[in-house]
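K.L.:
Based on what follows, work out the 3D shape:
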Amino acid sequence: GSTDTAAVQRVVDGYIGLYTKERLPEWKALFLPAFTATYTNADGSITTRTLEEFYESQRAGFARAAMTETLHDVRITRAGRLAHVFAGFDFTSGGNTRRGRLMLLMIEAQGQYRIAALTFTYHLQ
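P.N.:
Sure, this is the predicted structure:
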């Protein structure tokens, strides 16, 4: 039905499972071309990146060091062709792990959910 979350869960699984140096081009296909990523900075300001800017930052990150992300406390809400995901995350790069929260905003396009926007923040220690 219109509230079944299996199709959304598959995108979430890809968001984590395809997040590797080798599979990053496949990972990029989960996002809409007009996708934006918006996140908080330590000084209280925010940064917004286009899909190309966000993808390039991930590609450059993988070039520097191994990176992984895991999700916890994932909550998915679907209403017809719209869905949103709230989750906690642990992001590890070069052996350093940072914990935060994220929101994914998804929309169904041609029968497949794609990520329209990502917002996230790291918990300040």
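K.L.:
from here on, contacts and neighbour counts on C-alpha atoms
P.N.:
Fine.
K.L.:
Can you get me the centre-to-centre distance for the helix or strand hosting M106 and its chain?
P.N.:
M106 belongs to strand 96-109 when assigned by DSSP states H and E. Put simply, strand 96-109 sits 4 Å off its chain's centre (Cα atoms, centre = their mean, to the nearest Å).
K.L.:
Need the residues that contact that strand.
P.N.:
By Cα atoms under 8 Å, 6 or more residues apart in numbering, the residues outside strand 96-109 that reach it are 81-92, 113-123.
K.L.:
Against which helices or strands is the next helix or strand along the chain from that strand packed?
P.N.:
Toward the C-terminus, strand 96-109 is succeeded by strand 112-122 as the next helix or strand (DSSP H and E). The contact analysis (3 or more Cα pairs under 8 Å, 6 or more residues apart in numbering; DSSP states H and E) places strand 112-122 against helix 6-17, strand 31-40, strand 96-109.
K.L.:
in the chain, what spans have low per-residue confidence?
P.N.:
124-125 (pLDDT under 70).
K.L.:
rewinding a little: render the CA-only coordinates of the strand holding M106 in CSV, please.
P.N.:
Extracted C-alpha coordinates of strand 96-109, given in CSV (Å, rounded to 0.1, in the frame of the first residue of the first chain):
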residue,chain,number,x,y,z
ASN,A,96,38.2,8.8,13.5
THR,A,97,34.4,8.3,14.1
ARG,A,98,31.9,11.2,14.4
ARG,A,99,28.3,10.7,15.5
GLY,A,100,25.4,12.7,14.2
ARG,A,101,21.8,12.8,12.9
LEU,A,102,20.5,12.9,9.4
MET,A,103,17.3,13.3,7.4
LEU,A,104,16.7,12.0,3.9
LEU,A,105,13.8,13.4,1.8
MET,A,106,12.7,11.1,-1.0
ILE,A,107,10.3,11.2,-3.8
GLU,A,108,9.2,8.4,-6.2
ALA,A,109,10.2,9.1,-9.8
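K.L.:
Now it: buried residues?
P.N.:
Neighbour counts over strand 96-109 (16 or more other Cα atoms under 10 Å) mark 99, 101-108 as buried.
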